[in-house]
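A.B. asks: requesting a structural model of the entry that follows:
(chains A, B, C and D)
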There are 2 protein chains.
Amino acid sequence: MKFSAVTIKDIARDLGLSTSTVSRALRDSHEISEATKKLVLEHAQKVHFKPNRIAQSLKEKKSLSIGVIVCEIANSYFSQIINGIESIAYNHGYTVITAQSMESAERELMNLEYLTSSSIDGLIISVSTETNNFSYLKKLHERGLPIVFVDRVIEDIETHKVIADNYKGAYKATKHLIEKGYKRIGLISNNPSLSISRERFDGFKDAHIEAKIPIKENLIEYISHGGMIYEEVEAALNKLYKNKVKPDAILGGSDKITTGCLRYLKNKKIKIPEQVGLIGFSNTDLTDLLYPPLTVIRQPAYEMGEASASLLLSLIESKRPQTKFEKRIQSTELIIRKST
Amino acid sequence: MKFSAVTIKDIARDLGLSTSTVSRALRDSHEISEATKKLVLEHAQKVHFKPNRIAQSLKEKKSLSIGVIVCEIANSYFSQIINGIESIAYNHGYTVITAQSMESAERELMNLEYLTSSSIDGLIISVSTETNNFSYLKKLHERGLPIVFVDRVIEDIETHKVIADNYKGAYKATKHLIEKGYKRIGLISNNPSLSISRERFDGFKDAHIEAKIPIKENLIEYISHGGMIYEEVEAALNKLYKNKVKPDAILGGSDKITTGCLRYLKNKKIKIPEQVGLIGFSNTDLTDLLYPPLTVIRQPAYEMGEASASLLLSLIESKRPQTKFEKRIQSTELIIRKST
DNA sequence: TTGTATGCGTTATCAG
DNA sequence: CTGATAACGCATACAA
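C.D. replies: You can find the predicted model right below:
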């Protein structure tokens, strides 16, 4: 900013016009003569004039930017979501400001306070696995900040939510395993405080019920940091493998958890015929090449990002209060990779 | 922003003070009595006052935000870099605004214009593989915008640059392959217009020279979009495999290229005893589990991000013109995964 | 110690 | 069609 000297005022001075005339000419107002318009536009181009977005924001009472909070950018699933968000935002002239919670509720709150200090027009958030106090977010929402939840939603806040069909995904994955003959399927899941975890558990459960296989409590473990901390995954798996009934397959509750499981199995040299990872890993280039073989529930992260951004922009641009709207992206795919 | 009504003016009115007193009290100025300070601070807290960052920016002539342009966020290497940048920026009260070029020079330019329309205090950029016209960037730099290049640098712009030790990485990788007995090592590289490509090529070459193995021109292919377009990788590999002297190992010039190679080999069912990917893939959780076996040059992406941000902040905060400074991160590691 | 006035760059309102 | 002026929210030089 220090470097950008050219303002509307400079142009006005250079051309012997008033700032308002210049401003109007630049915005192609109908009440400016073609001659002056041309004059101004050409000069503006020559001196590389760029309107100061900050001044515009102050005047317009909006920043043309949206905030995005996810647990971690360097997580393929969320970076795909951001990608989708950016593509939409970009086309509508919005800047995306991203922040990461690193699965810490405290850091999430800090980011929230920071982003909302009058510098974003709306928020897309996927809450951290650790978050259990939603009061601040709720207050923001009540005060009128447009919010869209993506993937990890908060149910009592009535606003747009974009989620994958977690139930279906988990159901299909579990069914796939059962059909393959596995009967002792372990589940490592995120905290059930997240609705996605509960939905996935329901899918897991219903597939069992349908096949008349009882669910064994001691094959289910919950962890708190979404797999970010490998030791948590390790501890959970240690528990599973200390049981008399050892699992013959594992359903990982998120991409990080799943890769953690793979690592564990490799480290411990445990042979497991097949695994299912319920993961949002869109980089199929890679998942396709993983060893041990892995069946993947691909969640349409990019599309979810696009959907969230569209919804948020609609919220931002229409002032009228919106009704609750939940968008469930249906295309959860099961990607099956044959054992080699 | 619509939602945040509370301003300094409101507080002043509520408390029967002037806006300047309130402003000063909030900034803990020494020329305000403890009593009023306390009064103001408590009231501010009560009404959830948050200073309007946009107004502050306009006044202070800085936005407390930095722009980051990379080819793609959903690329583990760059997301790690962003991660590093964010951690530093965050600690210094800066917001990070990211944009992606998708390896398109045109889109890069658009982002550049957008970000620099007076809304960022500095820029960290890793230029797209397609970029060959640096005039706009150069102009920005001349006009005083603090810029730091990371990974993909432009040599004629005299500013801080953060790069990995590409030469060493490629050298070690190639040497490793040669020691394993491979003699016809293919190289799929980014365009040599990028210095990283040239450095890597030099490492590749010197390892050959040292081992007295001639380099075969027809085992070297260049591509333009960093591996983003699989068909490019495919075409390059097709050429390599159409030669009479087929490669017995491949050095991939970037992470995307390398995963592209893996995909190709798998699709074509080509058995290759070992591969080396010169890739910036920090997610070793995954690379470790890839099949076919892969030896990886890990580039310290996170650390590079940190370094770039530190350098940029130093540029932003000290007004004095800085001397050119090049920081080469040395810890390029060779991660070797044994064949299974 | 506190208040008044001014300006940051832009746009909108109201005159001319 | 064009110009002067006020306002957005905040910070600061200058008064008091």
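A.B. asks: could you pull out the strands in the stretch 151-300 of chain A for me?
C.D. replies: Assigned by DSSP state E, counting those that start in this stretch, the strands in the stretch 151-300 of chain A fall at A:160-164, A:185-190, A:220-223, A:249-252, A:276-277, A:295-298.
A.B. asks: so which of those strands comes closest to DNA strand D?
C.D. replies: strand A:160-164 (26.5 Å; Cβ to the nearest atom of the strand). Heads up, the C-betas are built off the backbone N, CA and C, glycines and all.
A.B. asks: could you dump the strands of the stretch 151-300 of chain A to a markdown table with mean neighbour count and distance to chain B?
C.D. replies: Compiled in a markdown table, those are given as follows (neighbours: other Cβ atoms under 10 Å in any protein chain shown; distance: least, Cβ to the nearest Cβ, whole Å):
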| stretch | mean neighbour count | distance to chain B |
| --- | --- | --- |
| strand A:160-164 | 24 | 16 |
| strand A:185-190 | 26 | 15 |
| strand A:220-223 | 20 | 16 |
| strand A:249-252 | 27 | 12 |
| strand A:276-277 | 26 | 11 |
| strand A:295-298 | 26 | 13 |
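A.B. asks: need the ones you listed in TSV (columns: mean pLDDT).
C.D. replies: Shown next, in TSV, are those (pLDDT from 0 to 100):
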stretch	mean pLDDT
strand A:160-164	89
strand A:185-190	92
strand A:220-223	94
strand A:249-252	89
strand A:276-277	70
strand A:295-298	81
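A.B. asks: so for DNA strand C, which of the ones you listed sits nearest?
C.D. replies: Closest approach to DNA strand C among the strands of the stretch 151-300 of chain A (Cβ to the nearest atom of the strand): strand A:160-164, 27.9 Å.
A.B. asks: run me through the strand neighbours of that closest one, direction for each.
C.D. replies: With DSSP bridges as the test, strand A:160-164 is paired with strand A:147-150 (parallel), strand A:326-329 (parallel).
A.B. asks: go through the ones you listed and find the least confident stretch.
C.D. replies: With a mean of 68, strand A:326-329 has the lowest mean pLDDT of the strands paired with strand A:160-164.
A.B. asks: so, low pLDDT: which residues of the stretch 101-250 of chain A?
C.D. replies: Of all residues in the stretch 101-250 of chain A, those with pLDDT under 70 make up the ranges A:118.
A.B. asks: what residues does it have near chain B?
C.D. replies: For the stretch 101-250 of chain A, the residues in contact with chain B (Cβ under 8 Å from any Cβ of the partner chain) are A:113-121, A:139-140, A:143-145, A:230.
A.B. asks: which pair in those residues spans the largest distance?
C.D. replies: Spanning the widest gap among those are A:144 and A:230, at 41.0 Å by Cβ to Cβ.
A.B. asks: of those two, who's got more company?
C.D. replies: A count of neighbours by other Cβ atoms under 10 Å in any protein chain shown puts residue A:230 above the other of residue A:144 and residue A:230, at 17 against 14.
A.B. asks: that one against residue A:260, yeah?
C.D. replies: Yes - counting by Cβ atoms under 8 Å, residue A:230 does reach residue A:260; the two are 5.4 Å apart.
A.B. asks: just the buried subset of the residues of the stretch 101-250 of chain A next to chain B, please.
C.D. replies: By neighbour count, with 16 or more other Cβ atoms under 10 Å in any protein chain shown, these hold A:114, A:115, A:116, A:117, A:118, A:119, A:120, A:121, A:140, A:145, A:230 as buried.
A.B. asks: and which of those residues is nearest to DNA strand C?
C.D. replies: residue A:118 (14.1 Å).
A.B. asks: now, which of the residues of the stretch 101-250 of chain A next to chain B lie within strands?
C.D. replies: With strands defined by DSSP state E, no entry of these lies inside them.
A.B. asks: mind listing what's buried along stretch A:78-97?
C.D. replies: Neighbour-count burial for stretch A:78-97, with 16+ other Cβ under 10 Å as criterion, is recorded at A:78-90, A:94-97.
A.B. asks: cool, stretch A:212-227 as well?
C.D. replies: By neighbour count on 16+ other Cβ under 10 Å, the buried set for stretch A:212-227 is A:216, A:219, A:220, A:221, A:222, A:223, A:225, A:226, A:227.
A.B. asks: from the chain's centre, how far out does it sit?
C.D. replies: With Cα atoms, centre = their mean, to the nearest Å as the basis, stretch A:212-227 stands 24 Å off its chain's centre.
A.B. asks: now what about it, what contacts it?
C.D. replies: Residues external to stretch A:212-227 that are found in contact with it (Cβ atoms under 8 Å, 6 or more residues apart in numbering or on different chains): A:71, A:103, A:128-130, A:178, A:183-192, A:197, A:201, A:204-205, A:208, A:232-233, A:235-237, A:239-240, A:243, A:245, A:247, A:252-260.
A.B. asks: filter these to the buried ones?
C.D. replies: Among the contacts of stretch A:212-227, the ones that count as buried by 16+ other Cβ under 10 Å are A:71, A:103, A:128-130, A:178, A:185-191, A:197, A:201, A:204-205, A:208, A:232-233, A:236-237, A:240, A:247, A:252-260.
A.B. asks: outline the domain layout of chain A.
C.D. replies: Chain A resolves into domains spanning A:8-51, A:60-164+A:301-330, A:166-299 when parsed by automatic domain parsing.
A.B. asks: quick one: which of the ones you listed is nearest DNA strand D?
C.D. replies: Closest among the domains of chain A, using Cβ to the nearest atom of the strand: domain A:8-51, at 3.2 Å.
A.B. asks: ends of the closest one, how far apart?
C.D. replies: End-to-end distance for domain A:8-51, by Cα to Cα, to the nearest Å: 8 Å.
A.B. asks: same check, this time on stretch A:219-239
C.D. replies: Using Cα to Cα, one end of stretch A:219-239 lies 8 Å from the other.
A.B. asks: what's the spacing between it and its chain's center?
C.D. replies: What separates the centre of stretch A:219-239 from the centre of its chain is 22 Å, taken as Cα atoms, centre = their mean.
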